[in-house]
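can you look at this prediction? I've put the sequence above it.
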Amino acid sequence: MADLRCAVCRKRPSELSEYVIAAKEHNLELTPEDYVLLEEMTLDPQTGLFLCTQDYVKLGAPGNERGIIAVENPPYWEEV
Ligand SMILES: [Zn+2]
């Protein structure tokens, strides 16, 4: 399994307060990494890349209706 990182800011789930908080709210035994694996729709399990909410919004919140996953290079997302 690849390291989980935001494709834009390169932070790990444990460095992003939204996932730290969400994981605790979901289940006290869940780590921020587990939470991203379970719930983060932009995660590409092949690369471990996802878009944190802040960067997802900065990118114009693409793919609201369709699914998107994070990719390494700009524009940092593609449709699935
Ligand atoms: Zn980010």
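Sure thing, it's come through. Please read all numbers here as calculations on a predicted model, not as lab measurements.

C-alpha only now, for contacts and for neighbours.
Fine.

ok, which stretches of this protein are strands?
With strands called from DSSP state E, the chain shows them at 5-6, 49-50, 68-70, 77-79.

other residues contacting the third one?
Identification of contacts with strand 68-70 by Cα atoms under 8 Å, 6 or more residues apart in numbering yields 7, 41-44, 49-51, 62, 76-80.

over to the last one?
With contact meaning Cα under 8 Å, 6+ apart, strand 77-79 is reached by 63, 66-71.

ok, now with 6 Å
Among residues not part of strand 77-79, those counted as contacts by Cα atoms under 6 Å, 6 or more residues apart in numbering are 67-71.

hang on, the earlier thing: of the strands of the chain, which is nearest the ion?
Of all these, strand 5-6 sits nearest to the ion, with 4.6 Å by Cα to the ion.

direction included, what does that closest one pair up with?
strand 49-50 (parallel) (DSSP bridges).

what's the average pLDDT for the partner strand?
Regarding strand 49-50, the rounded mean pLDDT is 98.

great, nothing more from me.
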